[in-house]
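Trainee: here is my input; please provide its structure:
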Amino acid sequence: MKSSLRVILGALLASMLVILAACGSNNSNGSQEGATSSPSASTASASNSPSASPETSPAKEKVVTIGIVNSPLTLNQINDQGDSASDTVLALINDSLLDINTSYEFLPKLADSVETQDNQTYVVKLNANAKWNDGQPFTTADVLFTLKTALNPKVESSFRLNFIEGTNDAGKLEEGQTDISGLKIVDDHTFEVKTKTPIDPNIFKETFATKVYFLPEHVLKDVAPEQLATNPYFQKPEVTIGAFKLANFAKDQYTEVVRNDNYYRPVAKLDKIYVKVLPATNLVAELQTGGIQLNSLPVGLIPITEYDKVKALSNVNVDSSGPSEPAELFFNNKTLSDVKVRQAIAYALNRQLIVDQLLKGQAEVIDGSVPSDNPYYNKGIQLITYDPDKAKALLKESGYDTKKALRFLIPVGNKVREQAADILVQNLKDVGFKVDVQKFDFGTLIQKIDKREYDLTIFNRDYYVEPSNYFSLFKSDNANNFLLYNNPKADELIAQGATEPDTAKRHEIYNQLQQILHDDLPTISIYSEKRLQAVSKNVLVGKPLNLGTFNNVNEWDLAE
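Mentor: A predicted model of the protein is given here:
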């Protein structure tokens, strides 16, 4: 009788769990296809726990869900396609040689040390305990394999390593070249990188040591370089080297990563992390209900106008960051080749109105790409002011055909940026421009830009410490120069700035370069905002940051 009763009670309990899970499932993405498959705080733990019985109660999993508004484009460690949403996921499952914190300090990860005596030869000593999540050791063989693969001209890569000896200006090996003259393998845990000329150590540390993720040589060594991009590994990279490992990737919905119990550093305290894609308008509601525990910078931005609303949430802590990488207006410098037209556009824009009214003063106007808190920001540049009469005069002087509509491509997802773009469109119309507004998801927008099917577009780039990373876009021979900007003097200064080891001379170079870019106007920034950092109060460690969000992700924890 007791046995029968136990069975009946077990069945009833199981049924109730199913019903409760169904009732608690999150459907905040109701308008999105497949939204019911998205994880939520109420279901993430239960769906992957052992079946409960009347006699045992399984330990509750520690699960954190991060909210983002753009879907990751790729899981490819060596080609993130410039996509910040992809970087969010990649950083959870991959470690770099070094990491960085908000104080601009470099922290050891896969490398115990990165040292140089002459700013040209960099000696990297790997952590001898580092290993892939399948237990195989991480050695210099993986470093060699990754670099030879990424620098192969047949392989698409987002690495910016043209300062390494043996690479061409595009940061690739020449066709038929297989060896990297600037790379020397010393032993299993030591290698040297020689640069073409002495460079500031920060260039090497940020561009190489914190940006390069590695490929497992023992998994991919037999794959032909031209076949790598379509290899199943890059659709689901199960062998990686990070605090977490990939479990599921449901495109446009969520990514699930689970603790890597083979991690070479202290094993993560969390069991799982979900990165959940949802409409920007749902971020605050999801924080309130516990559907997410924190937002993400820069792909999970909560409008600063929501500050009071978020501050009032009893279950959430909220803070704001310092100046961020700006929302930047990019010109197609081929279709808008006359600088007077670009100047007319710049003077037409009421950027201060956007800061004062849309962003409630929690932002600032800057003209260039470099945030004002960067040591290399040129404070001496006189900002372009809102002057619609001057805009009209410049437009008339240029002889521009105002019957031809400007193709203005706007990425969806960031509501504040979309609203700012609406103001810009009206500003342009007010001075005589016709505007063809085209809105796309970020992946489609990048494809359009790569095909040069635009006149104007607006988005945010990454946040960098090293200034050369902001300026490399403007180099005329950069394959990623979608602006089609070309100024030989700017090219010269970009090259000098990237290799000048003397800090004072670098300041002079970058001040001069920023003035040239200000005069030529290949781009103009619209605003640099302070960003809301929202975290559920039950998260003990873990916070969205402009820089180094995941440098201690293995220490993230939840209150019991």
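Trainee: which residue is nearest the centroid of this structure?
Mentor: Taking CA atoms, centre = their mean, the centroid of the chain lies closest to S84, which sits 2.4 Å from it.
Trainee: mind checking how far it is from F330?
Mentor: 16 Å (CB to CB, to the nearest Å). In this view, the C-beta of every residue, glycine as well, is placed from N, C-alpha and C.
Trainee: ditto for I384
Mentor: When I384 is compared with F330 (using CB to CB), they lie 16 Å apart.
Trainee: of those two, which one has the most company?
Mentor: Higher neighbour count among I384 and F330: F330, with 21 against 17, using other CB atoms under 10 Å.
Trainee: tell me the bridge partners for the more buried one.
Mentor: Applying DSSP bridges to F330 gives these bridge partners: T457, T523.
Trainee: tell me where the stretch 201-350 of the chain has helices.
Mentor: 201-203, 217-220, 283-289, 307-311, 339-348 (DSSP state H, counting those that start in this stretch).
Trainee: who are the contact partners of the nearest residue to D436 once chain neighbours are set aside?
Mentor: Leaving aside its sequence neighbours, D436 sits nearest to A405 (CB to CB, 6 or more residues apart in numbering; 4.0 Å). Contact analysis of A405 by CB atoms under 8 Å, 6 or more residues apart in numbering lists 434-436.
Trainee: same question for N333.
Mentor: Taking CB under 8 Å, 6+ apart, we find N333 in contact with 342, 483-486, 522.
Trainee: of the contacts of A405, closest to H507?
Mentor: V435 (38.5 Å; CB to CB).
Trainee: that closest one and I410 touch, don't they?
Mentor: No: with contact defined as CB atoms under 8 Å, V435 does not reach I410; the gap is 10.5 Å.
Trainee: ok, P266 - how many residues close by?
Mentor: By other CB under 10 Å, neighbour count at P266 equals 10.
Trainee: who does V539 bridge with?
Mentor: Bridge pairing for V539 - DSSP bridges - gives L558.
Trainee: pLDDT score for it?
Mentor: Reading off the confidence values, V539 has pLDDT 97.
Trainee: what about it, distance to D422?
Mentor: 35 Å.
Trainee: those two - which one has more neighbours?
Mentor: The neighbour comparison of V539 against D422 (other CB under 10 Å) goes to V539, with 18 against 13.
Trainee: using CSV, lay out the contacts of N333 together with neighbour count and pLDDT.
Mentor: As requested, the contacts of N333 are arranged in CSV below (neighbours: other CB atoms under 10 Å; pLDDT from 0 to 100):
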residue, neighbour count, pLDDT
R342, 22, 98
L483, 21, 97
L484, 15, 97
Y485, 23, 98
N486, 16, 97
P522, 23, 98
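Trainee: looking at these, spot the one nearest F249.
Mentor: When these are compared for distance to F249 (CB to CB), L483 wins out at 32.1 Å.
Trainee: check contacts around that closest one.
Mentor: Counted by CB under 8 Å, 6+ apart, L483 has contacts 330-333, 473-474, 522-523.
Trainee: residue ranges of the helices in the stretch 1-150 of the chain, please?
Mentor: 2-24, 84-93, 140-150.
Trainee: same question, the stretch 351-500 of the chain
Mentor: Going by DSSP H, counting those that start in this stretch, the stretch 351-500 of the chain shows helices at 351-353, 388-398, 415-430, 442-450, 468-471, 488-499.
Trainee: of those helices, which is nearest F145?
Mentor: Once the helices of the stretch 351-500 of the chain are compared by CB to CB, helix 468-471 is nearest, at 25.2 Å.
Trainee: in the closest one, what's buried?
Mentor: Using 16 or more other CB atoms under 10 Å as the test for burial, helix 468-471 gives 468-471.
Trainee: ditto for stretch 455-467
Mentor: So stretch 455-467, judged by 16+ other CB under 10 Å, has buried residues 455-461, 463-467.
Trainee: what about I345, distance to L161?
Mentor: I345 is 35 Å from L161, by CB to CB.
Trainee: where does T190 fall, phi/psi-wise?
Mentor: With angles defined as degrees, to the nearest 10, T190 sits at phi -140, psi 130.
Trainee: so in terms of bridging, what pairs with it?
Mentor: On the basis of DSSP bridges, T190 is bridged to K125, D187.
Trainee: can you flag the weakest of the helices of the stretch 1-150 of the chain by average pLDDT?
Mentor: helix 2-24 (a mean of 37).
Trainee: which residues of the stretch 51-200 of the chain score low on pLDDT?
Mentor: Residues of the stretch 51-200 of the chain meeting the criterion pLDDT under 70: 51-58.
Trainee: which residues of it fall in strands?
Mentor: Counting by DSSP state E, counting those that start in this stretch, the stretch 51-200 of the chain has strands at residues 63-68, 98-100, 106-108, 111-116, 121-126, 183-187, 190-194.
Trainee: strands paired with the second one, and their directions?
Mentor: Strand 98-100 has its sheet partners listed here by DSSP bridges as strand 106-108 (antiparallel).
Trainee: what's the closest non-adjacent residue to Q515?
Mentor: Using CB to CB, 6+ apart, the nearest residue to Q515 is I381, at 6.3 Å.
Trainee: if I pick the one you found, what's in contact with it?
Mentor: Applying CB under 8 Å, 6+ apart, we find I381 in contact with 367-368, 514-515, 518.
Trainee: look up how far R461 lies from it.
Mentor: The value you get for I381 to R461, if CB to CB is used, is 19 Å.
Trainee: list the buried residues in stretch 307-322.
Mentor: 307, 310, 316, 318, 321.
Trainee: hang on, the earlier thing: in JSON lines: the helices of the stretch 351-500 of the chain, plus mean pLDDT.
Mentor: Putting these into JSON lines (pLDDT from 0 to 100) gives the following:
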{"stretch": "helix 351-353", "mean pLDDT": "97"}
{"stretch": "helix 388-398", "mean pLDDT": "98"}
{"stretch": "helix 415-430", "mean pLDDT": "96"}
{"stretch": "helix 442-450", "mean pLDDT": "92"}
{"stretch": "helix 468-471", "mean pLDDT": "90"}
{"stretch": "helix 488-499", "mean pLDDT": "93"}
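Trainee: and the gap between S84 and Q512?
Mentor: Taking CB to CB, one finds S84 at 30 Å from Q512.
Trainee: burial measure for the closest residue to Q136 other than its chain neighbours, as a count.
Mentor: Among residues not flanking Q136 along the chain, H218 sits closest, at 5.5 Å (CB to CB, 6+ apart). For H218, the count of nearby residues is 15 (other CB under 10 Å).
Trainee: any idea how far N162 is from H218?
Mentor: Applying CB to CB to H218 and N162 gives a distance of 29 Å.
Trainee: mind listing the strands for the stretch 251-400 of the chain?
Mentor: Using DSSP E, counting those that start in this stretch, strands in the stretch 251-400 of the chain cover 254-259, 272-277, 294-295, 316-320, 327-331, 363-364.
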